[in-house]
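1. coords please:
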Amino acid sequence: MSGEAFGAATPAGACPCGSLLAYAVCCGPLLAGERRAETAEALMRSRYTAFAVADEAYLLRTWHPRTRPERLGLEPAVRWTGLDVVRTDRGGPDDADGVVEFVATWVDRDGTSGRLHEVSSFARRAGRWVYVGGEHR
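-> Numbers count the residues shown, from 1 in each chain. Model prediction:
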């Protein structure tokens, strides 16, 4: 795969988050630090995209410092294949916290597939959304 991790997606074309927008106008500017997520859902979608393109630095930057690990160690054999937002509670532009429930699907090099069902908590810190933690279902 030309040295690229199996899980890393190309940022050309449609955004991995499933918004149907181009990466360059959807999650791309968030990952590049050109724009902040306005809602908890937008942050969650951009974090999914960061997993899809293997951007560990963005994932750590958008993680609450109280709960953030030192490293993630993204799995290079995993390719994220889809995102379905199940529900959101709060997390709007004027809220201090929010919850986003989602299901993300993946496949690995040997063809094994799976899904991650999580209820994620977010908080606004210093005017920006951060991921606090999640409960797997």
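
2. the strands in the protein, which residues?
-> Taking DSSP state E to define them, one finds strands in the chain at 78-90, 97-108, 113-125, 128-136.

3. how about residues contacting the third one?
-> Strand 113-125 has contacts (CB atoms under 8 Å, 6 or more residues apart in numbering) with 40, 43-44, 64, 81, 91, 95-107, 129-137. Backbone N, C-alpha and C define where each C-beta goes, glycine included.

4. buried ones in it?
-> By neighbour count with 16 or more other CB atoms under 10 Å, strand 113-125 contains the buried residues 116, 118, 119, 120, 121, 122, 123, 124.

5. for that strand, output the C-alpha coordinates as CSV.
-> Extracted in CSV, the C-alpha atoms of strand 113-125 (Å, rounded to 0.1, in the frame of the first residue of the first chain):
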residue,chain,number,x,y,z
SER,A,113,-15.2,-6.3,10.1
GLY,A,114,-16.8,-4.8,13.2
ARG,A,115,-18.6,-1.9,14.7
LEU,A,116,-18.0,0.5,17.5
HIS,A,117,-21.2,1.7,19.3
GLU,A,118,-20.4,4.5,21.7
VAL,A,119,-22.2,7.1,23.7
SER,A,120,-19.6,10.0,23.8
SER,A,121,-19.5,12.9,26.3
PHE,A,122,-18.2,16.3,25.2
ALA,A,123,-17.6,19.6,27.1
ARG,A,124,-16.9,23.1,26.0
ARG,A,125,-13.5,24.2,27.4
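
6. pairing partners for that strand, with directions?
-> Strand 113-125 has the following strand partners under DSSP bridges: strand 97-108 (antiparallel), strand 128-136 (antiparallel).

7. list of residues touching the longest one?
-> Around strand 97-108, the neighbours that count as contacts under CB under 8 Å, 6+ apart are 6, 39-41, 44, 48, 51, 75, 77-92, 113-124, 129, 137.

8. dump it to CSV, keeping only the CA atoms.
-> Provided in CSV are the C-alpha atoms of strand 97-108 (Å, rounded to 0.1, in the frame of the first residue of the first chain):
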residue,chain,number,x,y,z
ASP,A,97,-21.7,20.0,27.3
GLY,A,98,-23.2,17.4,25.1
VAL,A,99,-23.7,13.7,24.3
VAL,A,100,-23.4,12.0,20.9
GLU,A,101,-24.3,8.4,20.3
PHE,A,102,-22.9,6.8,17.2
VAL,A,103,-22.0,3.6,15.5
ALA,A,104,-18.8,3.4,13.5
THR,A,105,-17.9,0.5,11.3
TRP,A,106,-14.4,-0.8,10.3
VAL,A,107,-12.6,-3.6,8.4
ASP,A,108,-9.1,-4.8,8.9
